[in-house]
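Quick one, what's the 3D model for this:
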Amino acid sequence: MVARTASLVAVVAVVVAALLVAEAEATKHARKQLAGPPSEFARHALPSPQGQAVTARSALYYVGLNPSLQTREDGENDLVWTWERSIQIDSPKSVSLSLFTPAAPVLFMHLYDPNGKRVHLPSADKVFWENGDEHDTGKMFDIKNPTPGTYTLKVIGLQFPTGVDGQAALNACDCIVPKGAKPATNETLEALMPQKQSRQGRHGLLMLWNNATESAWTHLTTYDAKVGEEVGLIARMVDSTVGANAIPDVVNQATLEVVYPDGTIHSDAMHDDGLHGDGEPDDGEFAGSFKPTMPGSFNVQAHLVGTNDDGAPFVRTSQHIIRVVDSNLALTGHVTGSIDKANSRMTINVNAMGHATDSIYRLYSQVWGTGADGKAVPVAWVSTLVDGAAWMALELDLKWVAQAKATAPYTLRDVLVQDIETMDPLVVVNDPLNIIIASEHERYINATVDHLIRNKLADEITLEMRQGVAPRHIAELRSNGSAVESKVMMVHGYCASTNPWETNAQYLDNAVFPLRADASMRTDEFANFVLDYAESNGINKFSCIGFSQGGMVCTHIYNYYFSAMDGFGPDDGRVVQTLATPMQGNTGASTGSALIDLFGGCPANEDLTKEAAALWLTGITTETASQVYMITTQYETSWVNGYCSLVMNLVLQSHNDGATERDLAPLPGATLVTHDFGWCHTVDSKYPVSWSNVEYIKYLNEHAAR
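Below is the predicted model of the structure:
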């Protein structure tokens with residue numbers, strides 16, 4: 001009776017699976033059924049949040065101006081918009097004060113040392129924070145050889161006559177409003193500040209950077225962030241020249257500050273008591289958490305306040321974006337297997353509940369079978385993109401079973417379901433799930449596997465084993481690709497106002513330049529935009545060259561979708577080439593999100609954070625990586641000019657192009673063509689922007705697959 005019931009369940013699943021396959025074939029862009037050998041299990045494992053920790057030698061403060069009566073230099077009183085707070089300087093070498101605000105033209109600073117003496121600030125450097133093609137501007141003061149201690153900083157809203165150096169006028173006058181200046185009005189501030197409703201009284205963001213080795217080291221507690229479930233940060237102070245071990249007994253206070261998607265702010269203490277997932281009591285590691293009440297993106301900041309070993313007070317803050325989903329998706333534990341006899345493949349149907357029908361998920365699992373000794377043996381990993389449905393289908397080429405010399409029973413292990421938009425893990429099942437297979441299908445599998453082994457037909461890994469059975473039009477393209485005109489798809493980066501590749505179009509053969517101007521697109525959304533562009537323009541075959549995020553998009557298309565990129569042979573050239581692409585994310589992306597809230601403009605792109613990029617990389621296969629060729633750049637390594645952007649250099653890892661960091665650029669398994677010096681990520685940097693390098697353009701054009 002049990003066997004007949006299992007067979008009935010399997011037969012029903014076959015019918016359901018057939019409907020799912022038909023529906024999938026009707027989708028606009030066919031998805032690959034990815035697979036690989038057990039030796040690649042580690043590549044596709046969820047990354048540890050600790051492995052994506054960020055370090056920070058800076059502290060960030062929101063600047064919120066308030067009106068108060070102040071005495072002018074001429075002795076009269078005036079209503080002046082000001083902001084005042086104490087700041088901690090712990091480096092005797094140097095410190096940088098950077099104020100980012102749309103109201104920068106009318107905001108100036110007073111700084112007082114620990115004894116209350118006025119510190120004359122040097123001339124400010126105009127700095128910018130890269131935000132796509134937009135620049136969030138500010139002013140930075142670099143102070144040499146300060147006396148460590150607690151200082152007082154005032155930010156003042158003033159308007160000076162045209163041509164007057166306002167900061168110099170303030171330095172010359174120990175007053176709030178020098179002669180010739182007038183207080184900035186509320187109307188002036190509001191006219192400069194966009195998105196009044198979302199700012200909630202914030203007029204700027206102050207970054208205090210200390211030239212010291214003591215840094216905050218922080219990471220998420222989990223990637224599984226859902227409404228109503230605890231999520232937070234782990235934080236410690238470390239000596240960045242030594243490693244990530246906590247410096248004990250230096251932090252006096254640790255606070256978790258959370259900015260909700262609706263703009264409200266919640267703060268709570270972080271703990272070092274061994275009771276909150278923080279390690280041992282009093283070991284210098286702090287943990288803080290919160291239970292989100294809504295979905296969306298949360299800006300989460302750890303504040304560490306204390307006294308260093310030299311007796312100097314310090315403050316460090318570290319920023320993260322936590323993306324919270326409202327998902328009830330769960331797997332029921334029912335898994336069935338059926339056979340596609342025409343292609344010698346097993347369809348594995350995974351039963352789910354609580355799915356969102358308008359969502360797309362990445363489904364991944366290891367497949368295990370049984371060896372001749374009766375013990376479990378690994379067969380392969382399998383993965384694909386699936387629509388939200390009660391049954392989600394994976395496929396396994398039986399050649400993988402033959403290579404493993406496995407038989408039934410079969411199980412799934414380490415099942416993972418990710419939201420394709422955020423790549424956040426929605427479901428993780430580590431315990432084995434039995435695959436129920438009808439007896440007649442099991443007999444067919446055994447016979448097919450035996451035939452493959454005896455005739456040595458499964459000794460080599462084929463593209464079909466890796467990617468699944470290609471749709472008819474892709475199979476025809478692979479057979480007759482030489483007769484099809486090939487284009488080179490030049491993909492721009494995040495939030496581009498123009499396609500920068502078009503600047504040097506004369507050096508590119510058969511190139512096309514898709515553009516969605518001033519848009520912040522998630523990587524999968526961006527990939528589908530490019531595929532739609534190719535389809536609507538009748539492009540049946542193309543290789544792909546991407547700048548910045550565009551390189552991730554080219555990689556994503558080749559990895560997950562059967563497309564016009566699949567028509568090339570091994571001798572046709574390079575299918576994917578990238579320039580300045582941060583494959584492993586960007587250290588400054590979370591800080592950039594806070595700036596975007598102030599400046600408006602292009603929305604933040606959370607796919608570019610270290611955490612999100614690490615989750616995205618779990619799905620990129622070895623076969624895909626082998627098709628990717630990368631060029632990365634950075635500033636010249638000189639003492640005086642060793643930066644692309646002064647302020648970005650304070651946040652990013654050393655050796656960067658102002659956005660992409662050398663050590664976070666590589667895609668494991670891809671080919672690094674060169675890492676070059678003296679080229680930056682954006683215009684208005686210290687060195688020219690890399691996409692303007694004609695030699696790069698010619699090289700990429702020469703090697704593009706056609």
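
Contact partners for Met207?
By CB atoms under 8 Å, 6 or more residues apart in numbering, the residues touching Met207 are 58-60, 96-100, 591, 647, 650-651. Any C-beta I mention is one placed from the backbone N, CA and C, and that applies to glycine too.

what pLDDT does it get?
For Met207, the pLDDT comes out at 91.

could you point out which element follows the helix or strand harbouring it?
Mapping Met207 onto the secondary structure by DSSP states H and E places it in strand 204-210. Next in sequence after strand 204-210, counting helices and strands by DSSP H and E, comes strand 214-220.

so for that following strand, what's the average pLDDT?
Taken as a whole, strand 214-220 carries a mean pLDDT of 96.

What strands line up against it, and which way round?
With DSSP bridges as the test, strand 214-220 is paired with strand 54-56 (antiparallel), strand 231-239 (antiparallel).

related to what we said a few turns ago, inside helices: which ones of the contacts of Met207?
591, 647, 650-651 (DSSP state H).

Tabulate the strands paired with strand 214-220 in CSV, adding columns for mean neighbour count.
Shown next, in CSV, are the strands paired with strand 214-220 (neighbours: other CB atoms under 10 Å):
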stretch, mean neighbour count
strand 54-56, 21
strand 231-239, 23
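
Would you reformat those strands as a markdown table and include mean pLDDT and distance to Lys686?
Below are those laid out as a markdown table (pLDDT from 0 to 100; distance: least, CB to CB, whole Å):
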| stretch | mean pLDDT | distance to Lys686 |
| --- | --- | --- |
| strand 54-56 | 91 | 23 |
| strand 231-239 | 97 | 29 |
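
got these as JSON lines, with distance to Thr609 columns?
Output for the strands paired with strand 214-220, formatted as JSON lines (distance: least, CB to CB, whole Å):
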{"stretch": "strand 54-56", "distance to Thr609": "9"}
{"stretch": "strand 231-239", "distance to Thr609": "14"}
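
Go through the contacts of Met207 and say which is closest to Val80.
Proximity to Val80 was ranked across the contacts of Met207 by CB to CB; first place goes to Leu99, at 16.9 Å.

what number of residues lie near that closest one?
Applying other CB atoms under 10 Å, we find 24 residues neighbouring Leu99.

Quick check: beta-bridge partners of it?
The partner residues for Leu99, given DSSP bridges, come to Lys139, Leu206.

Wait, it touches Lys154, no?
No - the criterion here is CB atoms under 8 Å, and Leu99 misses it with Lys154 at 11.7 Å.

Could you pull out the residues contacting both of those two?
With CB under 8 Å, 6+ apart as the test, Leu99 and Lys154 both reach Met109.

rewinding a little: Asp572: which of the strands paired with strand 214-220 is closest?
Evaluated with CB to CB, those place strand 54-56 nearest to Asp572, the distance being 40.5 Å.

who touches the closest one?
Under CB under 8 Å, 6+ apart, the answer for strand 54-56 is 215-219, 238, 240, 316-320, 587, 590, 610, 651.

which of those are buried?
Taking 16 or more other CB atoms under 10 Å as the criterion, what is buried in these is 215-219, 238, 316-320, 587, 590, 610, 651.

quick one: which of those residues is nearest Arg31?
Closest to Arg31, out of all of the buried ones among the contacts of strand 54-56 and judged by CB to CB, is Lys610, at 27.0 Å.

from the buried ones among the contacts of strand 54-56, which is closest to Val530?
Lys610 (24.5 Å).

which residues touch the closest residue to Thr462 other than its chain neighbours?
Closest residue in space to Thr462, ignoring its immediate chain neighbours: Lys399 at 7.4 Å, by CB to CB, 6 or more residues apart in numbering. Neighbour list for Lys399: 344, 452, 457-458, 462, 465 [criterion: CB under 8 Å, 6+ apart].

if you set the cut-off to 6 Å instead, what comes out?
Residues counted as contacts of Lys399 (CB atoms under 6 Å, 6 or more residues apart in numbering) are 452, 458, 465.

Assign it to helix, strand or coil.
helix (DSSP: H, G, I helix; E, B strand; the rest coil).

Quick one, grab the pLDDT at it.
Taking Lys399 on its own, its pLDDT is 98.
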